[in-house]
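In: dropping a prediction and its sequence here:
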Amino acid sequence: MFDILQKKKLAENTYLIEIEAPDIAKKAKPGQFIILRVDEKGERIPLTIADSTKKTITIVFLVVGKTTTQMSLMKKGDSLMDVVGPLGNPSKIQDYGSVVIIGGGLGIAPIYPIAQALKKAKNKVTAIIGAKNKKNLFWEDRFKQICDKALIATDDGSKGAKGFVSDVLRELMAKEKIDLVIAIGPPIMMKVVSEITKNRIKTIVSLNPIMIDGMGMCGCCRVIVGGELKFACCDGPEFNGHQVDWNELMNRNKTYIEEEKCACKS
């Protein structure tokens with residue numbers, strides 16, 4: 001069992017849970033993820049590690065289905081039955097120069113440890129974080145503390161620039177030299193970012209397709225990258241955004257929409 005040491009609401013339908021998991025925490029690196037199960041009958045869901053200490057890991061989740069609804073009702077002192085990790089390959093951290101790191105929606109959480117590590121590696125780090133509106137934003141202060149610049153975008157203009165993170169990126173590209181872009185968030189956002197930077201700026205994305213075992217055995221998380229079959233769990237989760245078959249990925253992510261709706265009602 002894995003005890004919950006902290007539970008906090010960060011934004012609308014968005015929660016943070018800090019879990020006591022020393023064996024995972026001491027090995028966790030930016031870009032990696034865990035797979036958890038709430039109880040014996042629970043599904044396995046992957047979540048990126050948003051932060052860690054020597055003994056704990058922090059995850060951030062959006063309430064979208066049965067398991068995340070269950071988790072949103074849990075409290076400090078409750079326990080998760082299973083937590084497996086760290087899984088996936090860590091982000092490649094080095095001195096690239098000027099890096100723009102983009103988080104859309106829930107993607108704001110996983111870019112945080114990556115931004116921290118890139119800054120420690122002496123990069124100039126600009127963060128662009130975005131959401132539908134200010135109610136869905138979180139951690140603006142955290143990014144302002146660790147980055148050279150933190151820019152905000154909301155679809156409705158309720159905070160920061162009105163529009164998408166991709167609009168802010170376009171403006172930034174017109175003004176500054178950028179050596180690397182890292183984008184994490186909804187597939188459509190990562191696709192648009194990759195289209196904007198194609199043939200101009202190296203772009204890394206983190207993919208989170210349908211996943212079960214997280215070790216490359218089930219084959220559910222297969223994606224097409226550079227015309228080749230890859231497994232997001234063990235070959236990724238980070239890939240060259242210019243080589244991802246985005247349409248195939250988004251179509252596969254719709255496979256169990258009806259089943260997910262039924263599960264939420266049960």
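Out: Good, I have the coordinates.
In: what is the neighbour count of the closest residue to residue 69 other than its chain neighbours?
Out: Leaving aside its sequence neighbours, residue 69 sits nearest to residue 63 (CB to CB, 6 or more residues apart in numbering; 5.6 Å). For glycine as for every other residue, the C-beta is placed from the backbone atoms N, C-alpha and C. By the measure other CB atoms under 10 Å, the count of residues near residue 63 is 16.
In: can you name every helix or strand that the longest helix seen in the chain contacts?
Out: Scanning the chain for the helix with the most residues, using DSSP state H, yields helix 108-120. Using 3 or more CB pairs under 8 Å, 6 or more residues apart in numbering; DSSP states H and E as the contact criterion, the neighbours of helix 108-120 among helices and strands are strand 45-52, strand 56-62, strand 98-104, strand 124-131, helix 140-146, strand 180-184.
In: could you check the angle strand 180-184 makes with the next helix or strand after the last one?
Out: In other words, strand 180-184. Once strand 180-184 ends, the next helix or strand along the chain (criterion: DSSP states H and E) is helix 187-197. Put simply, helix 187-197 runs at 170 degrees to strand 180-184, going by axes from the mean of the first three to the mean of the last three CA atoms, to 10 degrees.
In: next, the buried residues of helix 187-197.
Out: By neighbour count, and taking 16 or more other CB atoms under 10 Å as the criterion, the buried residues in helix 187-197 are 187, 189-194, 196-197.
In: got it, and stretch 18-25?
Out: Burial within stretch 18-25, assessed by neighbour count using 16+ other CB under 10 Å, is assigned to 18-21, 24-25.
In: for the chain, longest strand please?
Out: With secondary structure taken from DSSP state E, the chain has its longest strand at strand 2-11.
In: neighbouring contacts of that one?
Out: Outside strand 2-11, the residues within contact range by CB atoms under 8 Å, 6 or more residues apart in numbering are 15-21, 36, 56, 60, 74-83, 131, 135-139.
In: filter those residues to the buried ones?
Out: Among those, those that count as buried by neighbour count (16+ other CB under 10 Å) are 15-21, 36, 56, 60, 80, 83, 131, 136-139.
In: quick one, what contacts the nearest residue to residue 154 once chain neighbours are set aside?
Out: Of all residues beyond its chain neighbours, the one nearest residue 154 is residue 133 (5.2 Å), with distances taken as CB to CB, 6+ apart. Under the criterion of CB under 8 Å, 6+ apart, the contact partners of residue 133 comprise 154-156, 158-159.
In: if we use 7 Å, what do you get?
Out: By CB atoms under 7 Å, 6 or more residues apart in numbering, residue 133 lies in contact with 154-156, 158.
In: same question for residue 162.
Out: Residue 162 sits next to 154, 156 when contact means CB under 7 Å, 6+ apart.
In: beta-bridge partners for it, please?
Out: With DSSP bridges applied, residue 162 shows beta-bridge pairing to residue 154.
In: report pLDDT for it.
Out: Predicted confidence (pLDDT) for residue 162: 96.
In: try residue 265
Out: Residue-level pLDDT assigned to residue 265 equals 55.
In: in contact with residue 24, which residues are there?
Out: For residue 24, counting by CB under 7 Å, 6+ apart, the contacting residues are 34, 57, 83, 85-86.
In: what's the spacing between the helix or strand where it lies and its chain's center?
Out: In this assignment (DSSP H and E), residue 24 forms part of helix 22-25. Taking CA atoms, centre = their mean, to the nearest Å, one finds the center of helix 22-25 at 20 Å from the center of the full chain.
In: what's the next secondary structure element after it?
Out: Under the assignment DSSP H and E, the closest C-terminal helix or strand after helix 22-25 is strand 33-37.
In: next, the angle from that following strand to strand 2-11.
Out: Using the same axes, to 10 degrees, the inter-axis angle of strand 33-37 relative to strand 2-11 is 110 degrees.
In: right, I'll leave it there.
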